[in-house]
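S.K.: sharing a model that was predicted from the sequence below.
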Amino acid sequence: MATTHGGLPAPAFQRGETPALQLSGRRNLRFPPNRDVLRPRGAAPKGLPLPFARSSNRGTGWVLVLTFLSSAVANRVANRILLVPMAKHSLFLSLATSAAQLAAYALLLLSRSWQQPSGRPFLLFVADFWIPLFLTGLCEGCFYPLVFSAAAKLPGGLVQVLNQSIVPYTVLFSALLMGRSYEPLQLLGVAVVLLGVLFAVGMPLGALSLQGGVWQDVLQCTGAYSLLAMGVTLKDLVFKQSQTGEVQMPQDLIILTVCAACAAVQISVQLLAFPLAVPELEQRKRLISAGWHSLLGASAPAAPWIALTYWACNVAFSLCTLRLVRKASAATVVLANVAALPLSALVFCCPLPLLERQPFRWSFACSLILVVVGNLLYGSTSWRRR
């Protein structure tokens, strides 16, 4: 799934780089010659780092951009509000979220593939790329329980900034798996984003107390985003390799197939890990029962409606993100991503149901500014190539 929590996955089928790792189920592993991560200043990049991609279509309408912004903000805010009544049931919530994603993606996939005259080509596609799809689902299956349990204990605005730790992670994984190379200005942008994240958690200023497990939750949250970044990179690898795959499908069908297959692995991983996390059968029954009752509104009557809103916005945001990257100009993608971050973070400074109002601090504003500037530097190649 393109996630609710971070960067824009850039479909590699729009770029020309050769992946550093070939992971198709019917192909052997293939490693190209080593490439320097740093390119000469004047050299044109062979592929833009996530989340900024080049696109040949410059005519994306404002409706798509506004849909992206509204779904991004609503998705993040609804998730944090839902974590209030579900704070003690993060494992159950991750299972319910995975089930909702699988149901939505499977219905959309079946509806879309029904129109294909050649039967069910998505099954052949999954058989061809089962290795990266499995690894992606594994990463995302671990991501949700970790990020839910940590985010439930942290301020909503801080979680939005920690979200941006996906940028340096994605740069690292893209360089290792995709063989991508970066200009110095782009790497400077990554460093500025990382500095903004550090300011948000108070490392330069000592703003956060080391007591009460705050740092443990911060590290768990940022560590979870490394799993999300790996999943996004592996999806990008699938998109790239699908250009030369044996199964040819429309791009929108490829996107739905990847999302549905990864969601199936994601919930399978969580179901298999559930007995390991909760060994006793009676305890598992009590946990499921308590989580189900909380989701139905036992602790907050609005919980089921918040959950439905979150799941709907989650799926809409995931699909809208991929569609925006496919159809928009790179500059539009950069602006949309940059605008979504401060909007999501600053919403938590306003009165919200079930949440305490987060006080506005200038140190937090500085961290937002640093992250936004870092994203702009990170996508600076997009503007120079317009």
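M.R.: Cool, the structure landed.
S.K.: how far is the host helix or strand of residue 157 from where the chain is centred?
M.R.: Assessed by DSSP states H and E, residue 157 sits inside helix 156-162. Offset of helix 156-162 from its chain centre (CA atoms, centre = their mean, to the nearest Å): 14 Å.
S.K.: contacts for the helix or strand encompassing residue 283?
M.R.: Take DSSP H and E as the rule and residue 283 turns out to sit in helix 281-295. Helix 281-295 is contacted from outside by 85-86, 88-89, 91-93, 96, 274-275, 278, 300, 303-304, 307, using CB atoms under 8 Å, 6 or more residues apart in numbering. The way it works is simple: take the backbone N, C-alpha and C, and place the C-beta from them, glycine included.
S.K.: again, 7 Å this time
M.R.: 85-86, 89, 92-93, 96, 274-275, 278, 303-304, 307 (CB atoms under 7 Å, 6 or more residues apart in numbering).
S.K.: buried ones in the host helix or strand of residue 228?
M.R.: Here residue 228 sits within helix 214-241, counting by DSSP H and E. Applying a neighbour-count criterion of 16 or more other CB atoms under 10 Å, one finds 214, 217-218, 220-241 buried in helix 214-241.
S.K.: rounded mean pLDDT for it, please.
M.R.: The average pLDDT for helix 214-241 rounds to 86.
S.K.: what do you get for stretch 346-362?
M.R.: 81.
S.K.: on the three-state scheme, the residue nearest to residue 300 when sequence neighbours are not counted is what?
M.R.: Nearest in space to residue 300, with sequence neighbours left out and distances taken as CB to CB, 6 or more residues apart in numbering, is residue 85 at 3.9 Å. Of the three states, residue 85 takes coil under DSSP: H, G, I helix; E, B strand; the rest coil.
S.K.: gap between the nearest residue to residue 167 once chain neighbours are set aside and residue 130?
M.R.: What sits nearest to residue 167 in space, not counting adjacent residues and going by CB to CB, 6+ apart, is residue 193, at 4.7 Å. Counting by CB to CB, to the nearest Å, the gap from residue 193 to residue 130 is 33 Å.
S.K.: those two: which has the busier surroundings?
M.R.: Neighbours were counted for residue 193 and for residue 130 using other CB atoms under 10 Å; residue 193 has more, 25 against 16.
S.K.: looking at this, the more buried one is in a helix?
M.R.: Yes. Checked against three-state DSSP, residue 193 lies within a helix.
S.K.: and it, what does it touch?
M.R.: When contacts are counted by CB under 7 Å, 6+ apart, residue 193 touches 164, 167-168, 371, 374-375, 378.
S.K.: phi, psi of residue 352?
M.R.: With angles defined as degrees, to the nearest 10, residue 352 shows backbone torsions of phi -130, psi 150.
S.K.: partners of it in the sheet?
M.R.: Listed beta-bridge partners, residue 352: residue 355 (assigned using DSSP bridges).
S.K.: my guess is it contacts residue 84. True?
M.R.: No. Residue 352 is beyond contact range of residue 84, at 9.6 Å (criterion: CB atoms under 7 Å).
S.K.: give me the distance between the residue of the chain positioned farthest from its centre and residue 314.
M.R.: In the chain, the residue that sits farthest from the middle, by CA atoms, centre = their mean, is residue 282; the gap is 34.2 Å. Distance from residue 282 to residue 314, counting by CB to CB: 32 Å.
S.K.: and the helices in this protein?
M.R.: 62-82, 90-113, 121-128, 130-151, 156-162, 166-173, 184-200, 214-241, 251-277, 281-295, 303-327, 330-347, 362-378, 380-384 (DSSP state H).
S.K.: what residue ranges in the stretch 101-250 of the chain score low on pLDDT?
M.R.: Where the stretch 101-250 of the chain drops to pLDDT under 70, the residues are 115-120, 201-213, 245-247.
S.K.: swap the cut-off to 50 and go again
M.R.: For the stretch 101-250 of the chain, the stretches with pLDDT under 50 are 204-210.
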